[in-house]
Structures are given as C-alpha cells and as structure tokens.
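Q: Starting from these lines, generate the structure:
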Amino acid sequence: MNTHPYLRAYVAGIFAPTLVLPLMLTVFILLRIGLKCPVPIEQAMIFPMAIVPSLFGLWNMLWLRSHGRTGAPIGLHGAVLPLLMAPVGALVAVALGVLQFAGNGVVWFQALHVPYALIAPCFLAALAGYYLVWKYIVGTINRILGIA
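A: Reported below is the predicted structural model:
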C-alpha cells in the first residue's frame with residue numbers, strides 16, 4: 001500500500017501527543033483548581049496543545065522522507081526533536097513574558113522558580129522519553145500503517 005505515505009506518516013506522528021496532551025491538561029487543571037496552585041498552568045498548555053501534535057506529524061513525515069538516505073533509527077530521530085523544541089519554546093516563552101532567566105534559575109509566570117541544576121537532568125529525561133515514545137509508539141504505528 002503506497003498511497004499517501006506522507007499522510008499516513010502525519011497521522012502516525014500525531015497519535016501519541018493527541019492522546020497524552022488532553023490528559024496532561026486535565027491533570028494540570030485539577031491541580032490548579034483543586035490545590036489552588038498559583039501558576040496558571042493551563043495557559044502554558046494551550047500553545048503546546050496546538051503545536052506539538054502537528055510538529056510530531058511533520059517530524060514523522062521528515063523521518064519518512066529522509067530515512068532512505070540516512071538510515072537513522074526512528075527513536076534517534078525522535079530524540080532530536082526536543083533539541084529543536086526546547087530553544088524555540090524558551091524563546092517564545094521569553095517573548096511572551098512567561099519565562100524569565102535569573103542568576104540561579106528560570107522563573108515561570110513570576111511564581112515558579114526552577115534552578116538550572118534541575119533543568120539539565122529533566123532535559124535528559126525528556127530526551128530519553130522522546131526516544132522511547134518514537135521508538136515504541138510512533139515506530140509501531142508506522143509499521144501498522146505500512147510506512148516503516
């Protein structure tokens with residue numbers, strides 16, 4: 001079945017974030033309302049909910065296009081995505097006044113301080129998580145749809 005491989009790649013790419021992001025939003029809203037968390041977390045979720053699924057789909061289309069030439073495993077390809085998303089996301093957050101860089105960490109919404117020493121291990125965990133999601137979920141959906 002070789003009809004519309006890029007459409008199938010896009011659908012395979014959006015599968016995981018389309019399932020996970022609404023669940024995350026629900027948890028964050030419950031934390032905000034139930035625990036009276038002062039940080040407007042739901043506002044921080046709107047932009048990722050709009051962008052991340054499309055980005056995953058486009059990234060999977062790029063993998064499909066480049067896999068024949070590069071032979072890069074899909075997990076490694078997916079682990080590169082946070083390396084692009086993090087700086088762009090930080091730039092947008094700074095431009096919108098949501099994120100500020102301080103001497104010993106970053107401040108979200110003028111309320112949540114995250115030390116730099118915590119950012120590096122969290123980023124490495126995100127890289128590992130993206131690798132696993134792309135290898136086992138997106139890769140499996142790609143095989144099911146006949147594009148891997």
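
Q: quick one, what contacts the residue positioned nearest the centre of the chain?
A: Centroid-nearest residue in the chain, with CA atoms, centre = their mean: Val52, separated by 5.5 Å. Counting by CB atoms under 8 Å, 6 or more residues apart in numbering, Val52 makes contact with Pro17, Leu21, Met85. All C-beta spots, glycine's among them, are computed from the backbone N, C-alpha and C.

Q: Kindly indicate the member of the residues you listed with the most neighbours.
A: The residue in the contacts of Val52 with the most neighbours, by other CB atoms under 10 Å, is Pro17 (22 neighbours).

Q: Centre of the chain to the helix or strand containing Phe47, how far?
A: Using DSSP states H and E, the element containing Phe47 is helix 41-70. Relative to its parent chain, helix 41-70 has a centroid offset of 7 Å by CA atoms, centre = their mean, to the nearest Å.

Q: Outside of the helix or strand following it itself, list whatever touches it.
A: Next helix or strand after helix 41-70 toward the C-terminus (DSSP H and E): helix 74-95. Contacts with helix 74-95, where a contact means CB under 8 Å, 6+ apart, come from 47-48, 52, 55-56, 59, 62-63, 67, 99-101, 108, 123, 126-128, 130-135, 138-139, 142, 148.

Q: Could you pick out the buried ones from the residues you listed?
A: Neighbour-count burial (16 or more other CB atoms under 10 Å) is assigned, among the contacts of helix 74-95, to 48, 52, 55-56, 59, 63, 67, 99, 108, 126-127, 130-131, 133-135, 138-139, 142, 148.

Q: Check the offset of stretch 91-109 from the chain's centre.
A: That offset, for stretch 91-109, works out to 19 Å (CA atoms, centre = their mean).
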